[in-house]
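Trainee: Have a look at this fold, sequence not included:
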């Protein structure tokens, strides 16, 4: 089953969900702002995405700019920050088995369907 970490207020996230619906994919929606991800889960997702934690951070969010922008973090510390402030997590994230992608642009998810 495909998993989409979704924020309904985000246009890209809604567009990605629409692609899944159009493709009649079997998927599960996780609203990660309502059900925050654990540090362990974030670590696994980052590993699947094959990126560094900093690449999953939304650097234009005011939380980041006002509190973290000029600080130096280890990868583990960045994961802790995202777990505490899930709004900082780039979205949507789509996982299909052992493949994952950030749906920016939404059409990127077609590579893992």
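Mentor: Done, it's in. Remember, predicted model here, so these are calculated numbers, not experimental data.

Trainee: ok now do the residue of the chain most remote from its centre, which residues does it touch?
Mentor: Using Cα atoms, centre = their mean, the residue of the chain lying farthest from its centre is residue 70. It sits 22.5 Å away. For residue 70, no residue meets the contact criterion (Cβ atoms under 8 Å, 6 or more residues apart in numbering). The way it works is simple: take the backbone N, C-alpha and C, and place the C-beta from them, glycine included.

Trainee: for the one 5 residues further on, same thing?
Mentor: Shown in contact with residue 75 (Cβ under 8 Å, 6+ apart): 52-54.

Trainee: nearest to residue 89, of those residues?
Mentor: Nearest to residue 89, judged by Cβ to Cβ, of the contacts of residue 75 is residue 53 at 10.1 Å.

Trainee: from what I can see the closest one touches residue 47, true?
Mentor: No - applying Cβ atoms under 8 Å as the test, residue 53 and residue 47 come out as separate, 10.3 Å apart.

Trainee: higher neighbour count, these two?
Mentor: residue 53 (20 against 11; other Cβ atoms under 10 Å).

Trainee: and the closest residue to the more buried one other than its chain neighbours, how far is that from residue 59?
Mentor: Spatial nearest neighbour of residue 53, chain neighbours left out: residue 78 (3.8 Å); criterion: Cβ to Cβ, 6 or more residues apart in numbering. As for residue 78, its distance to residue 59 is 11 Å (criterion: Cβ to Cβ, to the nearest Å).
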